[in-house]
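Q: Predicted structure and sequence below. I'll ask about it afterward.
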Amino acid sequence: MPPQVASIRELHVGQTQLAHAAMRELRTAYDDAPAFIGAFSPDREAAVAVAGFRTGASLAWGRYLYVDDLTTALEARRQGHAGALLDWLISEARKLGCTQLHLDSGTARERFDAHRLYYNHGLAIHSYHFARGV
């Protein structure tokens, strides 16, 4: 049986160091984020999985919660931590009056496990996201 996620909580100013190791798995230049949550295992102080998110409103989506980043420390993967974070984010979106949850994910082969997680939590591909540097 995989280890249980002990708790999921929002990280406030002065606590982002608890998320740093897990976030470095995805964002090597991570500094800070306005809204951050972490999954904490009872046997370590630092978060084993983290998510950065924000809320917004747009003509296309109405009020939404956007997940900027969702990542798990390498040694804690495949233990349900990212899924627990997604569950929390969905609940938080409802609590905040959002009608949708959005995230973007790369399409490279190394993202396939993440895509499986998203599908298993009810997310689907609804559009292409186009971008370019200027």
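A: Perfect, I can see it now.
Q: Select the longest helix from this protein.
A: Under DSSP state H, the helix in the chain containing the largest number of residues is helix 81-95.
Q: which helices and strands sit right next to that helix?
A: Packing partners of helix 81-95 (3 or more CB pairs under 8 Å, 6 or more residues apart in numbering; DSSP states H and E): strand 7-11, strand 36-40, strand 49-58, strand 62-72, strand 100-103, helix 112-120. Yep, even glycine has a C-beta here, placed from its N, CA and C like the rest.
Q: got any ranges where this protein has weak pLDDT?
A: Filtered on pLDDT under 70, the chain yields the residue ranges 1-6, 28-36.
Q: if we can go back for a sec, comparing the helices and strands packed on helix 81-95, which comes out most buried?
A: The highest average neighbour count among the helices and strands packed on helix 81-95, using mean count of other CB atoms under 10 Å, belongs to strand 36-40 at a mean of 23.
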